[in-house]
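Visitor: Fold the following and give me the result.
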Amino acid sequence: MRRHRNVKIVATLGPASSDYDTIRALHEAGADVFRLNMSHGKHADIAERHRIIRQIEEDLDSPIAILADLQGPKLRVGAFARGEEELVEGATFRLDLDPAEGDTSRVCLPHHEIFAALKPGADLLVNDGKIRLRVQDCGEDFANCEVIAGGTISNNKGVNVPDVVLPFAALSDKDREDLEFVCELGVDWLALSFVQRPEDVNEGRTLARGRAAIMSKIEKPAAVNCFDDILAVSDGIMVARGDLGVELPVQNVPPIQKRLVRKCRSVAKPVIVATQMLESMIESPMPTRAEVSDVATAIYEGSDAIMLSAESAAGDYPVEAVTTMDNVAREVESDPTYREVIEASRRADRQSVADAIVAAAREIAETTDIKAICCYTESGTTALITARERPRVPIIGMTSLRGTARRLSLTWGVQSVMTGELSRFKMAVIDAVGAAREQGYAEETDQIVVIAGVPFNVPGTTNILRVAPCKESLIYATDPG
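Guide: Numbers count the residues shown, from 1 in each chain. So this is what the prediction gives:
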């Protein structure tokens with residue numbers, strides 16, 4: 001399905017979007033990637049949604065990426081005898097390993113790893129940061145805290161620890177089980193939650209064994225501090241602004257978002273901007289002006305994708321939310337200022353033949369009347385570095401591998417098209433011209449740029465560029481040579 005925009009849309013599936021008709025409507029409205037949130041739903045539910053997506057993919061002959069988002073280690077307080085208590089600013093409150101029900105003076109925090117890492121002066125945030133506790137004294141099984149910001153604390157509320165690197169891996173036992181399950185199903189991307197260090201990413205990659213690409217969610221200050229190292233071992237990045245905005249001052253999030261997006265683009269790795277993009281559309285058919293501006297900002301920054309969470313998973317208007325994102329994207333990308341911003345942020349750090357080839361393809365396309373850039377890719381790398389250039393013309397990613405076509409559904413500007421295995425560049429040109437015309441990007445009198453690697457089917461060999469007239473397929477059809 002041809003999209004009339006470059007940025008991709010990720011839609012989370014859930015109770016409001018779990019049947020064939022709704023998921024198909026979401027895809028037709030503009031969803032390029034479907035996110036399966038492993039924090040919610042049983043394996044049977046996840047498997048059924050996966051089956052439906054693949055059925056829609058077959059029915060519409062449209063590659064669709066599936067992103068499985070692992071829950072990660074969830075840190076929560078225990079239960080209270082009365083269900084909840086009110087903490088008053090300036091009071092003392094104790095966290096410990098005692099499983100007894102809590103009261104106004106204490107509650108269980110059943111995570112010994114937290115106590116092992118805490119130091120006096122560290123802050124703990126409860127209930128999405130609404131309650132702030134500052135450690136005064138601590139040991140291996142307790143932390144005596146002062147209530148800096150009070151409020152209602154209740155059973156099993158989440159805890160964030162922004163000031164320390166916690167000594168446990170990003171993958172819990174549940175995550176390992178979920179990872180194996182979704183890899184066997186055949187998802188395309190795995191999102192790792194609460195990544196703190198590159199070792200967390202390497203663990204996920206080892207367990208995935210090449211069955212899915214690895215996306216690191218950046219939602220902790222520790223991950224921001226070592227972002228370059230995390231990026232180096234990741235296939236993609238999600239800027240998860242929810243927990244990031246809890247663990248850091250909210251005013252820090254926008255500049256961090258901008259920096260991370262630019263760094264991802266510079267190394268040709270997809271980046272998603274996520275969390276609360278159209279939050280009001282959970283209950284309203286119309287977004288707020290501020291939300292529309294937030295979505296537009298992510299697009300102007302050059303993000304590969306923008307994501308809906310509860311809006312499409314549990315909201316009253318899932319299809320309308322996707323349609324709104326699609327409309328905003330198309331309007332922003334038609335703004336002349338958008339091209340100015342995108343081109344001003346283009347980095348010219350090119351170090352390989354492939355880099356030079358795709359840069360040349362973009363320059364040719366922008367200085368002559370070229371309708372599309374067709375790139376042949378097995379691993380997806382050629383399409384990724386072509387997308388990094390953010391050309392003004394469409395990118396058609398030609399591949400014989402269904403998995404590559406699906407993964408590229410997350411990449412800026414790439415329209416994935418399946419092709420047979422090739423042995424000669426002449427046939428590649430014919431297929432590229434046919435795809436460009438069939439998808440409506442070009443007509444017989446137009447020209448396209450074709451880039452590929454010869455010999456074919458060898459990753460990392462992008463070394464050839466040709467400007468091809470779209471009538472070339474007709475010429476070759478009568479040429480026995």
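Visitor: mind giving me the domain ranges of the chain?
Guide: 8-72+170-343, 84-160, 353-477 (automatic domain parsing).
Visitor: Please dump those into TSV; it should also carry mean neighbour count, distance to residue 78 and mean pLDDT for every row.
Guide: In short, each C-beta sits where N, CA and C put it, glycine included. Output for the domains of the chain, formatted as TSV (neighbours: other C-beta atoms under 10 Å; distance: least, C-beta to C-beta, whole Å; pLDDT from 0 to 100):
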stretch	mean neighbour count	distance to residue 78	mean pLDDT
domain 8-72+170-343	20	18	96
domain 84-160	17	3	94
domain 353-477	20	39	90
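Visitor: Take the ones you listed and lay them out in TSV including distance to residue 1.
Guide: Conversion of these to TSV gives the following (distance: least, C-beta to C-beta, whole Å):
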stretch	distance to residue 1
domain 8-72+170-343	5
domain 84-160	37
domain 353-477	9
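Visitor: among those domains, which is nearest residue 2?
Guide: domain 353-477 (5.5 Å; C-beta to C-beta).
Visitor: what pairs with the most centrally placed residue in the chain across the strands?
Guide: In the chain, the residue lying closest to the centroid (C-alpha atoms, centre = their mean) is residue 272, at 3.7 Å. Listed by DSSP bridges, the beta-bridge partners for residue 272 are residue 238, residue 305.
Visitor: check contacts around it.
Guide: Neighbour list for residue 272: 10, 215, 236-239, 303-307, 410 [criterion: C-beta atoms under 8 Å, 6 or more residues apart in numbering].
Visitor: 7 Å instead, please
Guide: 10, 238-239, 303-305, 307 (C-beta atoms under 7 Å, 6 or more residues apart in numbering).
Visitor: taking those residues as a set, which two sit the farthest apart in space?
Guide: So, the contacts of residue 272 by C-beta to C-beta: farthest apart are 10 and 239, at 12.2 Å.
Visitor: re the thing from before, for residue 423, state which of the contacts of residue 272 is nearest.
Guide: The closest of these, once distances to residue 423 are taken by C-beta to C-beta, is residue 304, at 32.0 Å.
Visitor: How much space separates the closest one from residue 430?
Guide: Residue 304 sits 30 Å away from residue 430, going by C-beta to C-beta, to the nearest Å.
Visitor: So in this protein, which helix runs the longest?
Guide: helix 43-60 (DSSP state H).
Visitor: starting at the chain centroid, how far to that helix?
Guide: 20 Å (C-alpha atoms, centre = their mean, to the nearest Å).
Visitor: counting contacts, what elements does that helix pack onto?
Guide: helix 20-29, strand 33-37, helix 173-185 (3 or more C-beta pairs under 7 Å, 6 or more residues apart in numbering; DSSP states H and E).
Visitor: what's the angle between the longest one and strand 33-37?
Guide: It stands for helix 173-185. Put simply, helix 173-185 runs at 140 degrees to strand 33-37, going by axes from the mean of the first three to the mean of the last three C-alpha atoms, to 10 degrees.
Visitor: Dump the helix or strand following helix 173-185 to PDB, restricted to CA.
Guide: Per DSSP states H and E, the first helix or strand lying C-terminal to helix 173-185 is strand 189-192. C-alpha atoms of strand 189-192 as PDB (Å, rounded to 0.1, in the frame of the first residue of the first chain):
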ATOM      1  CA  TRP A 189      11.400  -6.300  15.900                       C
ATOM      2  CA  LEU A 190      12.000  -6.900  19.700                       C
ATOM      3  CA  ALA A 191      11.900  -3.800  21.900                       C
ATOM      4  CA  LEU A 192      13.900  -4.100  25.100                       C
END
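Visitor: Strand 189-192 pairs with which strands, and in what direction?
Guide: strand 65-69 (parallel), strand 213-218 (parallel).
Visitor: Now do the following helix or strand past the first one: everything it contacts.
Guide: Read in the C-terminal direction, the helix or strand following strand 65-69 is strand 84-87, with elements assigned using DSSP H and E. By C-beta under 7 Å, 6+ apart, the residues outside strand 84-87 that reach it are 93, 102-104, 131, 147, 150-154.
Visitor: Any chance of TSV for these, columns secondary structure and distance to residue 84?
Guide: Below are those laid out as TSV (DSSP: H, G, I helix; E, B strand; the rest coil; distance: C-beta to C-beta, whole Å):
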residue	secondary structure	distance to residue 84
93	strand	14
102	strand	10
103	coil	11
104	coil	10
131	strand	12
147	strand	15
150	coil	13
151	strand	10
152	strand	5
153	strand	7
154	strand	4
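Visitor: Relative to residue 223, which of those is nearest.
Guide: Nearest to residue 223 among the contacts of strand 84-87, with distances taken as C-beta to C-beta, is residue 131, at 23.4 Å.
Visitor: The closest one: what's its closest spatial neighbour, skipping adjacent residues?
Guide: Nearest non-adjacent residue to residue 131, counting by C-beta to C-beta, 6 or more residues apart in numbering: residue 151, 4.9 Å away.
Visitor: before we move on, the earlier item: select, out of the helices and strands packed on helix 43-60, the one closest to residue 245.
Guide: Among the helices and strands packed on helix 43-60, the nearest to residue 245 by C-beta to C-beta is strand 33-37 (18.8 Å).
Visitor: Run the angle between the closest one and helix 20-29 for me.
Guide: Using the same axes, to 10 degrees: strand 33-37 against helix 20-29 is 130 degrees.
Visitor: Walk me through which strands strand 33-37 pairs with, and which way each runs.
Guide: strand 8-13 (parallel), strand 65-69 (parallel).
Visitor: do you know how far residue 470 is from residue 445?
Guide: Going from residue 470 to residue 445 by C-beta to C-beta gives 7 Å.
Visitor: got it, and residue 121?
Guide: When residue 121 is compared with residue 445 (using C-beta to C-beta), they lie 71 Å apart.
Visitor: Done for today, thanks.
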